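**Student:** Need coordinates for the below:
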Amino acid sequence: MKKLWWQLLLLVLSFTFVFLWQLSSFSKNTLQLAGGMIIIYLLVSLVRRKLNPMELLTSESWSIFFLNTVLILLIFATGVFSSFLFFLLYFLAFGIAFVFEPITVFVFVIGAILVFLPYVDIDDVTGNILHIGSLLAIAPLAFWFGLDYKKKEQAEQNTKENKESLKKKVSKKGAKKVL
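**Tutor:** The predicted structure is shown next:
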């Protein structure tokens, strides 16, 4: 449960940061911020790998935070709803459902809608509403796929644990028979 709250907090922080950034006078420097965040993420990942080469990415939560923040900043920098990057939000929704707890995909969609809502009435209102609607439509699908993935992951873990305990029991019984 603690993990779920941590994941929800990171998503909310990401959307809050982007929303406040867009309201500030710094919003004209969005591309520079996105580039800086990418560089920071790569440096942190590189240092983490140097410290422990067997761990590729230990903190999926921070990876999602950076990915979410950078993607939304880039969408704002390239035209909000008319951005050619907007469709990546659909893939990010599925990624969040697989990496985080599946329920967090709804927080992601609500956060995205709240961040983009002030821009719905700009230019093509119907198209913008369809973009919002498509995010709403994809959320349950991502949730169910994420739930199924987690169930299969748990079943694999249980199978692995059962095999290991069976091997231990067999080796103990085999050792007793030899004696």
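
**Student:** Send over the helix or strand bottoming out on mean pLDDT in the chain as CSV, restricted to the C-alpha atoms.
**Tutor:** Every helix and strand in the chain was compared by mean pLDDT, DSSP states H and E; the lowest is helix 30-51, with a mean of 82. The C-alpha trace of helix 30-51 is given here as CSV (Å, rounded to 0.1, in the frame of the first residue of the first chain):
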residue,chain,number,x,y,z
THR,A,30,10.4,24.4,-21.9
LEU,A,31,12.7,22.7,-24.4
GLN,A,32,15.7,23.7,-22.3
LEU,A,33,14.1,22.3,-19.2
ALA,A,34,13.2,19.0,-21.0
GLY,A,35,16.7,18.7,-22.3
GLY,A,36,18.2,19.4,-18.9
MET,A,37,15.9,16.8,-17.3
ILE,A,38,16.9,14.2,-19.9
ILE,A,39,20.6,14.9,-19.2
ILE,A,40,20.0,14.7,-15.4
TYR,A,41,18.2,11.4,-15.8
LEU,A,42,20.9,9.9,-18.0
LEU,A,43,23.6,11.0,-15.6
VAL,A,44,21.8,9.6,-12.6
SER,A,45,21.2,6.3,-14.5
LEU,A,46,24.9,6.2,-15.4
VAL,A,47,26.1,6.7,-11.9
ARG,A,48,23.6,4.1,-10.6
ARG,A,49,24.9,1.6,-13.1
LYS,A,50,28.5,2.4,-12.1
LEU,A,51,27.8,1.8,-8.5
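
**Student:** Mind giving me the packing neighbours of that helix?
**Tutor:** With contacts defined as 3 or more CB pairs under 8 Å, 6 or more residues apart in numbering; DSSP states H and E, helix 30-51 has these neighbours: helix 2-23, helix 60-77. Yep, even glycine has a C-beta here, placed from its N, CA and C like the rest.

**Student:** Which of those helices sits closest to Met37?
**Tutor:** Nearest to Met37 among these is helix 60-77 (5.2 Å), distances taken as CB to CB.

**Student:** any idea which of the helices and strands packed on helix 30-51 is most buried?
**Tutor:** helix 60-77 (a mean of 20; mean count of other CB atoms under 10 Å).

**Student:** Show me what it is in contact with.
**Tutor:** With contacts defined as CB atoms under 8 Å, 6 or more residues apart in numbering, helix 60-77 is touched by 6-7, 10-11, 13-15, 17-18, 21-22, 27, 30-31, 33-34, 37-38, 40-41, 44, 57, 83, 85-86, 88-89, 92, 95-96, 99-100, 108, 112, 115.

**Student:** Now do that helix against helix 30-51, angle only.
**Tutor:** Taking axes from the mean of the first three to the mean of the last three CA atoms, to 10 degrees, helix 60-77 and helix 30-51 form an angle of 160 degrees between their directions.
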